[in-house]
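>>> missing the sequence, but the structure's below:
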Ligand SMILES: Nc1ncnc2c1ncn2[C@@H]1O[C@H](COP(=O)(O)OP(=O)(O)OP(=O)(O)O)[C@@H](O)[C@H]1O
Ligand SMILES: [Mg+2]
């Protein structure tokens, strides 16, 4: 029994991180029609800021607090300088974000080298249920994610600005013609999406350790979640992330079962997630949770 | 005999019922006008016929075969062609190449690679360009044409394929009255081999060239029949306070 | 008939074409290089030739068929690995075999990917293809780096030289001319393809995919064909590369390698064939120059990113965009001058009668 709590907890923790990453990606994609291929590097940048402040001798949580603002600002600047020029050509924008991702990744690599760094969680320690122990930090991630998502939800549903965003999401041309300044909206959204990714990176760095290629793996997983969930709704990407969030630790756990652990390498279970996700997306191009395709 | 028969087609976009149990039949060699207020589903209907959308329910019978689930390519090969509401020419190809492209659809890939069909359509293209007054622009990039000429080019691209059913979505949008007149003259000769469904806001234009009219409103067929019938219809007058 | 001809007199396309000139100059440059530089540099240039084939494979996909692929390195890598395995495990290093392996492995792997990503009842979204290819390349890199039979993270080394009969093709002048030969053949094939009427269809697809399917073209099939052809080219490049460098590793298979393909293409100018080739020579040339300066070495990848970003945002037509105008870049496919018409007049009438 306890084992299921353990698995459930792992899945929940991972899903929460995916949710933070994917929601930023999704809001940019559905609002601006741009798939931000540099999103993984926003995550990386968030993770890096924690490391940076720790190197300065400050406690980890300073970096975690600053990360979303820092990454959000980076996002704003990128949007204003580059992305803004390319609203009409989302594909070109996609290539540009790919290049931006490359620049960020290689800059971080230049700063930290090809090594892995471990960062301690601000809240350390474990709590126990039955014979299994759970990390308090992961619990904190789960709680934080839930709070943030609730805030986002309320923001979208209850505020005027949220209403504008929803309007622009559902019908961009209509929103533009009814006088909503979409370009300011886009800039802020892009910054906000980046900030969420930065936060995700900052929160997860104690769990996953920092390396220059950190963002790449998460970007691929985040995109698969996005496509699994479908674009254009609030709930879709959340469910998609939960799906990927369940598969990654789930497959890992299956692999670790005593009778197969010697036959399958950890990388294989990681790749299997991609394969399964791609197959599902192939069968349901508009996402698994959207009933009618149009 | 009916060339096209649409049996209670419905189409929803989310909660919006864009088409609601639409029935239409089109006879051979007739011109059919499709009118209705903005957002009444005219474009959606044409797109559903051409295969850009698939209907939620209902069926489309073209030349006695059920094409409801056919892909757009297949429908086009069967002789059903659409001109989009938003002009969709290929801006970076010359006018000549646009037409060449329109004509080579039935060649095998091998024939295309070996360019066997390159010279085949020369006369046909020149002829249609002469008809559509585009001959002087034959070597111009299509994207550099004026809006009106682009519309003509797109009509020429579908006409040149000698379709049996042509779907035109607002072919005269953005044209000057003279250009509109010419467009009408360009279309009339098609009647010898082709039926036409034409969406237009300019009712005079419709009256001049069409045999039948169907009025759509909020995804439903409000009235269908000869021009006279539509002109006197009470229902239509309620929706359209403008002259018919 | 007369009437047509008089009208056509209007068209007088004696525009001066720049691309053929660049091509000829570049060809002459290629032929004389080994005579002018030492062996070491010849080897560097040989690598550029092989990478040019790789760059062309990306260009065909993105520049000509509008398939945004981040997976060309996958085909490059798989073919490289297979020929390295043939060399290591079986001692097989014959040129014809390596050629066949490269082409066929490239074809097979790209066919599988195309079948999965491109073909099917529903038209795939661009993002699905971009992401699908990216994911496969990423996954493949991860897989080989964890698979010890193929060398794991260290990759595979090839210790024997490529052989043509009994003659050993040592990296150097002979390998250089071999690569030149392959590049020329590949280039001409690509040129023939994109100038043909098939190329016209591709040009249409690139500009408005929807329009083409309403005209009756099975767009996805065309894309799949180009994808497989370019996959074969990437495979050929990979097989040659593995033998030339004597090495193939996970890095040649993953996203970084694909990024290079994207960069070569965009920098040189996609949608032209000579552009990506020039792109390779420029990028690899700068890289080679910079690798001498230790202080700059580690910043090279950042610089690459910056170049890519600037090109994408400010000069999407790449290097060639500075030299040639749009009309030449897009090209023409029909024949509309009198001379060529007269030549084919008989053909037309014949066709008409039959
Ligand atoms: N792809 C789509 N997704 C969602 N809603 C759509 C889509 N296409 C059309 N609609 C909606 O369906 C309704 C009918 O649209 P349609 O374009 O068929 O109208 P129309 O009669 O052609 O109008 P117009 O005269 O302005 O061209 C409109 O309310 C429109 O907003
Ligand atoms: Mg319309």
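Noted; the coordinates are in hand. Please read these numbers as outputs of a predicted model, since none were measured by experiment. Numbers count the residues shown, from 1 in each chain, chains lettered A, B, ... in the order given. Ligands and ions are numbered 1, 2, ... in the order given.
>>> got a list of what residue C:130 touches?
The neighbourhood of residue C:130, defined by Cβ atoms under 8 Å, 6 or more residues apart in numbering or on different chains, consists of A:35, A:37, A:94, C:68-70. Just so you know, the C-beta spots here come from the backbone N, C-alpha and C atoms, and that holds for glycine as well.
>>> wait, is it part of a helix?
Yes: under DSSP: H, G, I helix; E, B strand; the rest coil, residue C:130 falls within a helix.
>>> Please report the distance of it from residue A:98.
The gap separating residue C:130 from residue A:98 is 9 Å, by Cβ to Cβ, to the nearest Å.
>>> cool, and residue B:207?
Going from residue B:207 to residue A:98 by Cβ to Cβ gives 54 Å.
>>> after the lengthiest helix in chain B, next one along is what?
Under DSSP state H, the helix in chain B containing the largest number of residues is helix B:147-159. Next helix or strand after helix B:147-159 toward the C-terminus (DSSP states H and E): strand B:165-169.
>>> And the contacts of the very next helix or strand once past that following strand?
Next in sequence after strand B:165-169, counting helices and strands by DSSP H and E, comes helix B:177-187. For helix B:177-187, the external contacting residues (Cβ under 8 Å, 6+ apart) are B:31, B:131-133, B:148, B:151-152, B:155, B:168, B:171-172, B:175, B:196, B:198, B:202, B:205, B:208-209.
>>> which of those are buried?
Among those, those buried by neighbour count (16 or more other Cβ atoms under 10 Å in any protein chain shown) are B:31, B:131-132, B:148, B:151-152, B:155, B:168, B:171-172, B:175, B:196, B:198, B:202, B:205, B:208-209.
>>> what's around the residue of the stretch 101-250 of chain A found nearest ligand 1, how many residues?
When distances are taken as Cβ to the nearest ligand atom, the stretch 101-250 of chain A reaches nearest to ligand 1 at residue A:171, 7.9 Å away. By the criterion of other Cβ atoms under 10 Å in any protein chain shown, residue A:171 has 12 neighbours.
>>> cool, and residue A:182?
20.
>>> With ligand 2 as the reference, measure out to it.
Counting by Cβ to the ion, to the nearest Å, the gap from residue A:182 to ligand 2 is 23 Å.
>>> for residue C:35, same thing?
Between residue C:35 and ligand 2 the computed distance is 66 Å (Cβ to the ion).
>>> Please settle this for me: is residue B:115 part of a helix?
No: assignment of residue B:115 by three-state DSSP gives coil, placing it outside any helix.
>>> Got the phi and psi for it?
For residue B:115, the backbone dihedrals are phi 50, psi 30 (criterion: degrees, to the nearest 10).
>>> Which parts of chain B belong to which domain?
Domains of chain B are assigned by automatic domain parsing as B:1-79+B:164-244, B:88-162.
>>> hmm, the last one touching chain A?
No: under the criterion of Cβ under 8 Å from any Cβ of the partner chain, domain B:88-162 makes no contact with chain A; the nearest approach is 13.9 Å.
>>> Give me the below-cutoff pLDDT ranges for the chain.
Since no chain was named, I'll use chain A. Within chain A, the segments meeting pLDDT under 70 span A:1, A:172-173, A:175-177, A:179-180, A:289-294.
>>> was after chain C, sorry
Low-confidence segments of chain C (pLDDT under 70): C:1-15, C:335-354.
>>> Mind jotting down where the strands sit in it?
C:156-157, C:162-164, C:167-169, C:247-248 (DSSP state E).
>>> For the residue of chain B with the smallest separation from chain A, name its beta-bridge partners.
Distance from chain A to each residue of chain B (Cβ to the nearest Cβ) is smallest for residue B:13, at 5.7 Å. Counting by DSSP bridges, residue B:13 is bridged to residue B:16.
>>> So what's the residue count around it?
By the measure other Cβ under 10 Å, the count of residues near residue B:13 is 13.
>>> Count the neighbours of residue 216 for me.
Picked chain A for this. Around residue A:216 there are 22 residues (other Cβ under 10 Å).
>>> not what I meant, chain C
22.
>>> same question, residue C:215
Residue C:215: 28 neighbours (other Cβ under 10 Å).
>>> swap in the one 10 residues further on?
Summarising burial for residue C:225: neighbours were counted as other Cβ under 10 Å, giving 18.
>>> how close does it get to residue A:91?
22 Å.
>>> which ones are touching residue C:260?
Each residue near residue C:260 by Cβ under 8 Å, 6+ apart is listed here: C:51, C:54, C:73, C:283.
>>> quick one: contacts for residue C:117?
Contacts for residue C:117 were tallied using Cβ under 8 Å, 6+ apart; they are A:282, C:124, C:128-129, C:132-133.
>>> ranges for the helices of chain B?
B:42-50, B:72-78, B:95-103, B:109-113, B:122-131, B:147-159, B:177-187, B:203-209, B:227-232, B:234-239.
>>> and the fifth one, average pLDDT?
Taken as a whole, helix B:122-131 has a mean pLDDT of 86.
>>> gap between it and the chain center?
Centre-to-centre, helix B:122-131 and its host chain are 20 Å apart (Cα atoms, centre = their mean, to the nearest Å).
>>> now that helix and helix B:177-187, what's the angle there?
In terms of direction (axes from the mean of the first three to the mean of the last three Cα atoms, to 10 degrees), helix B:122-131 departs from helix B:177-187 by 140 degrees.
>>> List the buried residues for helix B:122-131?
Buried residues in helix B:122-131 (16+ other Cβ under 10 Å): B:122-123, B:125-126, B:128-129, B:131.
>>> Ok, the shortest one next?
Under the neighbour-count criterion of 16+ other Cβ under 10 Å, helix B:109-113 has B:111-113 buried.
>>> Pick the one among the buried residues of helix B:122-131 closest to chain C.
Closest to chain C out of these is residue B:126 (4.9 Å), distances taken as Cβ to the nearest Cβ.
>>> Next, find the distance separating the closest one from residue B:185.
Distance, residue B:126 to residue B:185, using Cβ to Cβ: 19 Å.
>>> winner for burial among the domains of chain B?
Of all those, domain B:88-162 carries the top mean neighbour count, a mean of 20, counting by mean count of other Cβ atoms under 10 Å in any protein chain shown.
>>> which residues touch the closest residue to residue B:29 other than its chain neighbours?
Using Cβ to Cβ, 6 or more residues apart in numbering or on different chains and skipping the chain neighbours, the partner closest in space to residue B:29 is residue B:191 (5.5 Å). Shown in contact with residue B:191 (Cβ under 8 Å, 6+ apart): B:29-31.
>>> Overlap of the contact sets of residue C:130 and residue A:98?
In terms of Cβ under 8 Å, 6+ apart, residue C:130 and residue A:98 are both contacted by the residues A:37, C:70.
>>> Give me the buried positions along whichever strand or helix holds residue A:54.
Assigned by DSSP H and E, residue A:54 belongs to helix A:39-55. Buried residues in helix A:39-55, counting neighbours by 16+ other Cβ under 10 Å, are found at A:39-54.
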